[in-house]
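>>> coords below, sequence missing:
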């Protein structure tokens, strides 16, 4: 191979594999040193000079001038040195050029292996750096095949693994199908980067909103909190830094176009978008949407809240198998106890006032007297349970702190109808 052909090959490798020419030249230099060691038995006195512009290279052995040669690899006789240049004397260093074409087959093969090994190492390193920079982000991949219960997803230059634990229950993929995944972690391995991805992570929803909603991407609208049950429902709390921008409207889009694009990507997963509020009571009221509420009493220190809802809204506030209340609890960070209006009045917890927002209840900061927080919200039962008619669980069976609501074989009321 001529120097010009070598230069062209290095440029192609640099473009296609994103490996710098300097790194490749270093690999060639190391391969020549290795070839010398295989050919001569040692390489401590070998020097390689490569011109990065032209790829012209020269290999030299540094030999010491002596009267009597004992080691021909590192020494040269005075007579031979004088033949090269009459100025040489005993003790001088003479550079003897080595012709690489003189290397044997084994030395040449080993040199080739050194170059190839370096290219593979650099290629793995470049891929690792590329995908490591995409960690905690969303990418589009192509489904390759099922590996047992895991799925292999091609991300372009590497295949990622979507493990069973990171798959949404019920989702089935077909080969060549394009899906969006969240990159959980990128690990460096001897065989290249190992990329782990997820379809269940809450950040997947956040990143999808960032890509779909310009206001979120630009920081005008902030996603303050996310609570997700993958494949079923997600609640997100949003806040606008611009008083002229409605955060919920920006995320929903014209005729729901923006949120529907995300729902379609998540294959029908329902998304509730609520307005963030620094007042915990107001936030809890919003979080229990779509249910209407009568009052919320929130204890910021204990991170707990009591919520009262109209009788006909109790099942909606709790949600199917407690999902609505469970997601609201995760979103707000509060343990939420819900009661119907009738239950609250019977237990003496309900505050009978005509206007939930009367000024008498709030100080100038919007907080209620005695450090309690009131809002138009909902309530669970006392002692972490919701209590009610036969349609609902017995006292102590139902919790609104992210746990399932009743033990097995208890009855739920789901949107007004009983379920076994």
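Thanks, I have it. If you're wondering where the values come from, they're calculated on a predicted model, not measured in any experiment. Numbers count the residues shown, from 1 in each chain.
>>> Any buried residues in the one helix or strand residue 183 maps to, and which?
Assigned by DSSP states H and E, residue 183 belongs to strand 178-189. Under the neighbour-count criterion of 16 or more other CB atoms under 10 Å, strand 178-189 has 179-184, 186 buried. The C-beta positions use only the backbone N, C-alpha and C, and glycine is treated the same way.
>>> Which strands border that strand, and is each parallel or antiparallel?
strand 138-147 (antiparallel), strand 192-198 (antiparallel) (DSSP bridges).
>>> what's the spacing between that strand and its chain's center?
Its chain's average C-alpha position is 7 Å from that of strand 178-189, according to CA atoms, centre = their mean, to the nearest Å.
>>> now for the longest helix along the chain, which elements pack on it?
Under DSSP state H, the helix in the chain containing the largest number of residues is helix 105-132. Judged by 3 or more CB pairs under 8 Å, 6 or more residues apart in numbering; DSSP states H and E, helix 105-132 is in contact with helix 3-17, helix 21-40, strand 178-189, strand 192-198.
>>> Kindly compare burial across these and name the winner.
Mean neighbour count (mean count of other CB atoms under 10 Å) peaks for strand 192-198 among the helices and strands packed on helix 105-132, with a mean of 21.
>>> re earlier: which among the buried residues of strand 178-189 gets closest to residue 109?
residue 186 (34.4 Å; CB to CB).
>>> Could you tell me the model confidence score at the closest one?
Residue 186 is assigned 93 on the pLDDT scale.
>>> Residue ranges of each domain in this structure, please.
Per the record, the chain has its domains at 3-130, 134-198, 201-276, 279-420, by automatic domain parsing.
>>> quick one: the closest residue in space to residue 18 that isn't next to it in sequence from residue 263, how far?
What sits nearest to residue 18 in space, not counting adjacent residues and going by CB to CB, 6 or more residues apart in numbering, is residue 126, at 4.9 Å. To residue 263, residue 126 is 37 Å away according to CB to CB, to the nearest Å.
>>> which stretches of the protein have low pLDDT?
1-3, 5, 39, 42-43, 100-104, 107, 348-420 (pLDDT under 70).
>>> helix or strand for residue 225, which one?
Using DSSP H and E, residue 225 falls within strand 221-229.
>>> Quick check: neighbours of that strand in the sheet, parallel or antiparallel?
strand 233-240 (antiparallel).
>>> what sits up against the partner strand?
With CB atoms under 8 Å, 6 or more residues apart in numbering as the test, strand 233-240 has contacts from 202, 205-206, 209, 215-216, 220-228, 246-248, 250-251, 266, 269-276, 283, 286-287, 323-324, 327-328, 330-331.
>>> most centrally placed residue in this protein?
residue 136 (2.1 Å; CA atoms, centre = their mean).
>>> list the contacts for that one?
Residue 136 makes contacts with 182-183, 203, as judged by CB under 8 Å, 6+ apart.
>>> ok, so of those, who is nearest residue 345?
residue 203 (42.7 Å).
>>> For the chain, just list every one of the helices.
3-17, 21-40, 78-84, 105-132, 202-212, 214-217, 247-252, 257-265, 280-287, 314-318, 323-332, 341-347.
>>> Residues contacting stretch 220-231, please?
Outside stretch 220-231, the residues within contact range by CB under 8 Å, 6+ apart are 168-171, 199-200, 202-203, 205-206, 209, 213, 215-216, 234-242, 245, 247, 250-251, 266-267, 269, 276, 323, 326-328, 330-332.
>>> Would you mind listing which of those residues are buried?
If you count burial by 16+ other CB under 10 Å, the buried members of the contacts of stretch 220-231 come out as 168, 199-200, 202-203, 205-206, 209, 213, 215-216, 234-238, 240, 247, 250-251, 266, 269, 276, 323, 326-328, 330-332.
>>> just to revisit the earlier point, quick check: the residue nearest to residue 18 touching residue 19?
Yes: between residue 126 and residue 19 there is a contact at 6.3 Å, judged by CB atoms under 8 Å.
>>> out of the two, which sits in the more crowded spot?
Neighbour count, other CB atoms under 10 Å: between residue 126 and residue 19, residue 19 has more, with 20 against 17.
>>> The more buried one and residue 162: what is the separation?
Counting by CB to CB - residue 19 and residue 162 are separated by 29 Å.
>>> now residue 116
Going from residue 116 to residue 162 by CB to CB gives 32 Å.
>>> who has more neighbours, those two?
Taking neighbours as other CB under 10 Å, residue 116 and residue 162 compare with residue 162 leading, 27 against 12.
>>> how close does the closest residue to the more buried one other than its chain neighbours sit to residue 201?
Ranked by CB to CB, 6+ apart and with sequence neighbours excluded, the top spatial neighbour of residue 162 is residue 151, at 4.2 Å. Going from residue 151 to residue 201 by CB to CB gives 15 Å.
>>> Neighbour count: the two, which is higher?
residue 151 (26 against 20).
>>> I'd assumed residue 143 was in contact with that one.
Yes: the pair residue 151 / residue 143 is scored as a contact, 6.3 Å apart, by CB under 8 Å.
>>> what's the overlap in contacts for these two?
Both residue 151 and residue 143 are in contact with residue 173, where contact means CB under 8 Å, 6+ apart.
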